[in-house]
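1. Predicted model and sequence follow; I will ask about them next.
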Amino acid sequence: LDRARKLNRPIFLSIGYSTCHWCHVMADESFTDSTVARILNEQFIPIKVDREERPDIDATYMQACQAMTGSGGWPLTLLLTPTLQPFCAATYLPKDNRPGLLGLVSLLEKIVDLWQTDRARIDSAGSSIQQTLIQTDNQPCSREPLSEDNFRQAVNTYRSRYDHIHGGFSPAPKFPAPHNLSLLFRLQHRLADKTVGDMALHSLNSIRYGGIYDQLGGGIHRYSVDERWLVPHFEKMLYDQGLLILAAIDAWQASGDPFYLEMGCDTAEYILDRLLIQEGSFCCGEDADSEGAEGTFYLWTIEQISRHFDREIVQEIVRMFGMSENGNFEEGRNILYLPEGIDADLLRNCRETLIPIRNKRPAPHLDDKIICSWNGLAIAALARLGAVSDKSRYTHAAGQAAEFIRQNLVDTNNRLLRRWRRGEAAIPGFLEDYACLIWGLIEFYQARFNISDLKWAIELAGQMLEIFGDGEGGLYDTGRDAEKVLLRGRNLQDGAFPSGNGTAALVLLRLGTLTGREEFTEQGRTLLEKNAAVINRYPVELAVSIAAVDNLSGSMASLVIVTDDEPPDHLLKVIRDSYCPGVEVLLKREGEAGLEQAVPIALGKKMIENKPTAWLCRDRTCLEPVTDPGQLNKQLLK
């Protein structure tokens, strides 16, 4: 940036990410080409940015691109003035002109000419776009009342978008967006309408049986390019896995069908197998490409299958995976999917035989960055899964990741950092990093009930409010102590990843319920009211915020379990087997030092008849304490 100002050159900014297919294409076609390199190095200041490391830069210039072109995507291509004002935007560009598509070389030549002959026009365009962005960023506090009509409005919108045949809520391409499925289970619960949850169950079934799910290695691909969930864009992202596990747990608790718990465990195994690093945290994800093409690692022909099984077994495998001689993908190859459902024994046999063979292929590129917020989601998913499935390896993995962040992504001022890679931590954490790590710690606390985890969540919440607060009850995405790129950003809508504002509101309300500290509840309420105009207008696009509104509208309750030593499994099983969104579980060990001071809701709660005792409390009122699981279940049902 200093060089751009000194030389008075335009900045050529390319924003992408390590596992982005079209980013690779543009890099191979253009950025390794000597003609393009000469123009960029002689006439521009070329900069590449990883959007996963710097979501603030990505969000700012994606907003600019959408304002200028009406669309966006990655790689995101921008031309900026030396003062960072955007004056031209595009996404993928080929090197040379194609019918209906301007080539990169032609664009660069036009920009060079304009920069020399009509600089005032460029500066005017950049200033205009910057002012548009600033106005959006500084919208006044609305403080509208939150409307419970949002719940019905959201359901009606989901119904209008619902694909009754294939599941999901859009035509091709189809993104799983599991946080939307989690919201549907909440709405089913609130509205007592089973058909609402059925849309989510159907969608989860279609995803699990489709080619978007890796039938051999587990885990979900990025999205489906078709409406049937058959042909995926093959990259795999950590946050998609975490959100899918959470939605699968919701589905199991809401339906009682163990299929969904198995789905969650299967996805968790992928995380532990492919994304876990030796230090104990989780990488960003895996590329779509290997051997120079997309999906090669995952594709099979019948002939390849036939080398490893008897003829009769091959026929069964071909039928189970929907394979054909012509294939359902390019060059006669097959994406494995399950058109007739799962044959568990046959699938297990296939995995035992074919995964070692597949692992000998050149693997997709692993993006080995550690992103704080993504790991926060993974911690939440694995901790909750370990608790409800009684599989300690998931809880242990969540604990290792949390400890990794504590040791490696906190600076000397206790400031959370965004990214770690190969020993180097950098970039002040964003709102989503704080909110998602708090989410993870809330779930991790309720999996093992170590008060230190809850205290860390409380500490982070205090920092979050201080660092990101706007002075009016709202939160920015970028901290007051971090680099500002045109603006601090305040993205409210969820995308593939939940918004920082929605997640912050949800975890503040959860912390308030879990601890009895009213300041967190009120701060969560204020944040939702501050954003109420957008929430009331776009409830489906703000699914995590609507989940927070659901908590605020009567779902919040505290379950304090008092014991003398170990967590009482017979009482915990009741809540862990039940779908009770908004109910937070606190464990009080009698005589535990410092608990009541940090967590006021524990004050005065005792065991009855020297037995582990459950106190269910709501709106500052507790029901009669119970020691029997059946009695607790009746209270929860009410």
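-> On my side now, so go ahead. In this text, all values refer to a predicted model and were calculated from it rather than measured experimentally.

2. Leu595 and Ala602 touch, don't they?
-> Yes: here Leu595 lies in contact with Ala602, judged by CB atoms under 8 Å, at a distance of 5.3 Å. In this view, the C-beta of every residue, glycine as well, is placed from N, C-alpha and C.

3. Leaving out the residues flanking it, which one is nearest to Tyr538?
-> Nearest-residue entry for Tyr538: Gln493, 6.7 Å, with adjacent residues in sequence omitted and distances by CB to CB, 6 or more residues apart in numbering.

4. Wait, a strand at the one you found?
-> No: counting by DSSP: H, G, I helix; E, B strand; the rest coil, Gln493 is not part of a strand but coil.

5. for the helix or strand harbouring Glu596, packing partners?
-> Taking DSSP states H and E as the definition, Glu596 sits inside helix 595-598. When contacts are defined as 3 or more CB pairs under 8 Å, 6 or more residues apart in numbering; DSSP states H and E, helix 595-598 packs onto helix 451-468.

6. Using PDB, write out the CA atom coordinates for the helix it packs on.
-> Extracted C-alpha coordinates of helix 451-468, given in PDB (Å, rounded to 0.1, in the frame of the first residue of the first chain):
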ATOM      1  CA  ILE A 451     -15.800 -24.400  35.300                       C
ATOM      2  CA  SER A 452     -12.600 -23.100  33.700                       C
ATOM      3  CA  ASP A 453     -14.200 -23.400  30.300                       C
ATOM      4  CA  LEU A 454     -17.200 -21.400  31.300                       C
ATOM      5  CA  LYS A 455     -15.100 -18.800  32.900                       C
ATOM      6  CA  TRP A 456     -13.100 -18.400  29.700                       C
ATOM      7  CA  ALA A 457     -16.300 -18.000  27.700                       C
ATOM      8  CA  ILE A 458     -17.400 -15.300  30.200                       C
ATOM      9  CA  GLU A 459     -14.100 -13.500  29.800                       C
ATOM     10  CA  LEU A 460     -14.300 -13.700  26.000                       C
ATOM     11  CA  ALA A 461     -17.800 -12.300  26.000                       C
ATOM     12  CA  GLY A 462     -16.700  -9.300  28.000                       C
ATOM     13  CA  GLN A 463     -13.800  -8.700  25.600                       C
ATOM     14  CA  MET A 464     -16.100  -9.100  22.600                       C
ATOM     15  CA  LEU A 465     -18.500  -6.400  23.800                       C
ATOM     16  CA  GLU A 466     -15.600  -4.000  24.600                       C
ATOM     17  CA  ILE A 467     -13.600  -4.600  21.400                       C
ATOM     18  CA  PHE A 468     -16.500  -4.700  18.800                       C
END
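
7. contact partners of it?
-> The list of residues contacting helix 451-468 from outside it, by CB atoms under 8 Å, 6 or more residues apart in numbering, reads 402, 406, 414-416, 431, 434-435, 437-438, 441-442, 444-445, 475-481, 504, 507-508, 511, 514-515, 517, 520, 523, 592, 594-595, 598-599.

8. Name all residues that make contact with Asp477.
-> Per CB under 8 Å, 6+ apart, neighbours of Asp477: 55-56, 59, 430-432, 468, 488-491, 500-501.

9. Among the contacts of helix 451-468, the buried ones, what's the PyMOL command?
-> Remark: buried members of the contacts of helix 451-468, expressed as a PyMOL selection using 16 or more other CB atoms under 10 Å:
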select buried, resi 402+416+431+434+435+437+438+441+442+444+445+475+476+477+478+479+504+507+508+511+514+515+517+520+523+595+599
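
10. these two touch, right, the residue nearest to Tyr538 and Glu541?
-> Yes: between Gln493 and Glu541 there is a contact at 4.6 Å, judged by CB under 8 Å.

11. mind listing what's buried in stretch 569-582?
-> Applying 16+ other CB under 10 Å to stretch 569-582 flags Leu571, Leu572, Val574, Ile575, Arg576, Tyr579, Cys580, Pro581, Gly582 as buried.

12. The most far-flung residue of the chain relative to its centre and Pro82: what is the separation?
-> What lies farthest from the middle of the chain is Thr117; by CA atoms, centre = their mean that is 45.6 Å. Separation of Thr117 from Pro82 (CB to CB, to the nearest Å): 18 Å.

13. ok, now Met323?
-> Here Met323 is placed at a distance of 56 Å from Pro82 (CB to CB).

14. now Glu148
-> Glu148 is 50 Å from Pro82, by CB to CB.

15. and if you look at Tyr213?
-> In this view, Tyr213 and Pro82 are 47 Å apart by CB to CB.

16. tell me which residues in stretch 34-47 are buried?
-> Under 16+ other CB under 10 Å, the buried positions of stretch 34-47 are Val36, Ile39, Leu40, Gln43, Phe44, Ile45, Pro46.

17. Name all residues that make contact with the third one.
-> This points to Leu40. Phe12, Phe31, Pro46, Leu108.

18. The third one: which element?
-> Under the criterion DSSP H and E, the helix or strand holding Pro46 is strand 45-50.

19. Which secondary structure state does Asp477 sit in?
-> Assignment for Asp477 (three-state DSSP): coil.

20. Which residue is the nearest non-sequential neighbour of it?
-> Counting by CB to CB, 6+ apart, Asp477 lies nearest to Gly489, which is 3.9 Å off, once chain neighbours are set aside.

21. same question, His365
-> Using CB to CB, 6+ apart, the closest residue to His365 is Asp287 (3.9 Å).

22. I figured the one you found hits Thr19, correct?
-> Yes: under the criterion of CB under 8 Å, Asp287 makes contact with Thr19 at 4.3 Å.

23. Overlap in contacts, those two.
-> With CB under 8 Å, 6+ apart, Asp287 and Thr19 have common neighbours Glu235, Pro364, His365, Asp367.

24. How many neighbouring residues does the third one have?
-> Under the neighbour criterion other CB atoms under 10 Å, His365 is assigned a count of 16.

25. what's the answer for the second one, then?
-> Burial of Pro364, expressed as a neighbour count using other CB under 10 Å, amounts to 23.

26. returning to what we had before: cross the contacts of Asp477 against helices and list the overlap.
-> Pro55, Asp56, Ala59, Leu431, Glu432, Phe468, Gly500, Asn501 (DSSP state H).

27. Just the buried ones from those residues, in ChimeraX syntax?
-> One line in ChimeraX is enough to select the buried members of these, burial here meaning 16+ other CB under 10 Å:
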select :55,56,59,431,432,468,500,501
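
28. Same list (the ones in helices among the contacts of Asp477) but as a markdown table, adding distance to Leu299 and pLDDT.
-> Formatted as a markdown table, these follow (distance: CB to CB, whole Å; pLDDT from 0 to 100):
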| residue | distance to Leu299 | pLDDT |
| --- | --- | --- |
| Pro55 | 32 | 94 |
| Asp56 | 37 | 94 |
| Ala59 | 35 | 92 |
| Leu431 | 40 | 98 |
| Glu432 | 34 | 98 |
| Phe468 | 44 | 97 |
| Gly500 | 37 | 97 |
| Asn501 | 40 | 96 |
